[in-house]
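[1] here is my input; please provide its structure:
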Amino acid sequence: MQRIYEQLMKDMGLHAQSSYPLESCGIITKEFKYIKCDNVSSDPKNSFILDPVALYTYEDDIWGIVHSHPGDENPIPSDEDSPSTVFDEYKFLVGFGTKYFIYWRHKTIDTIIYEPFEVKHLNENNTLS
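    The predicted model follows:
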């Protein structure tokens, strides 16, 4: 699982860096492969909207959704990232370069929780609450 994690981190980081200064976005499949997607936001320097065609194409094979915060030394989720967390079926990641965070909405306290993304998160049975 470590090799899969390392490849995933490399692929996400390279995509984020190659898209700089725009936000990149992509899908992580259930096999933990990173799929680059188009950011169709009208303001891609400050936000992302994952191409709906990619969502449709991979709808049955999505483990998570990733986007970047370009050049941010501490790329934690922003207030704008909160609405997407209503989709419990996906994991959400944000980051840049070699630093990524996994985040989710904690239903009991109605707030976003995040932590550094690590190999342990690739466990398919992992549930975040």
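[2] what bits of the protein have low per-residue confidence?
    The chain contains residues with pLDDT under 70 at 124-129.
[3] one more time with 90, if that's ok
    71-74, 76, 78-89, 104-112, 123-129 (pLDDT under 90).
[4] what helices and strands are in contact with the longest helix along it?
    Counting by DSSP state H, the longest helix found in the chain is helix 2-19. On a contact count with 3 or more C-beta pairs under 8 Å, 6 or more residues apart in numbering; DSSP states H and E, helix 2-19 meets strand 25-29, strand 34-37, strand 62-68, strand 91-96. Every C-beta, even on glycine, is put in place using the N, C-alpha and C of the backbone.
[5] quick one: buried residues of stretch 66-86?
    Within stretch 66-86, the residues scored as buried using 16 or more other C-beta atoms under 10 Å are 66-70, 75-77, 81, 84-85.
[6] tell me the spacing between the residue nearest to the spatial centre of the chain and Lys33.
    Nearest to the mean C-alpha position of the chain, by C-alpha atoms, centre = their mean, lies Val66 at 1.8 Å. According to C-beta to C-beta, to the nearest Å, Val66 and Lys33 sit 12 Å apart.
[7] check Cys25 too.
    Applying C-beta to C-beta to Cys25 and Lys33 gives a distance of 15 Å.
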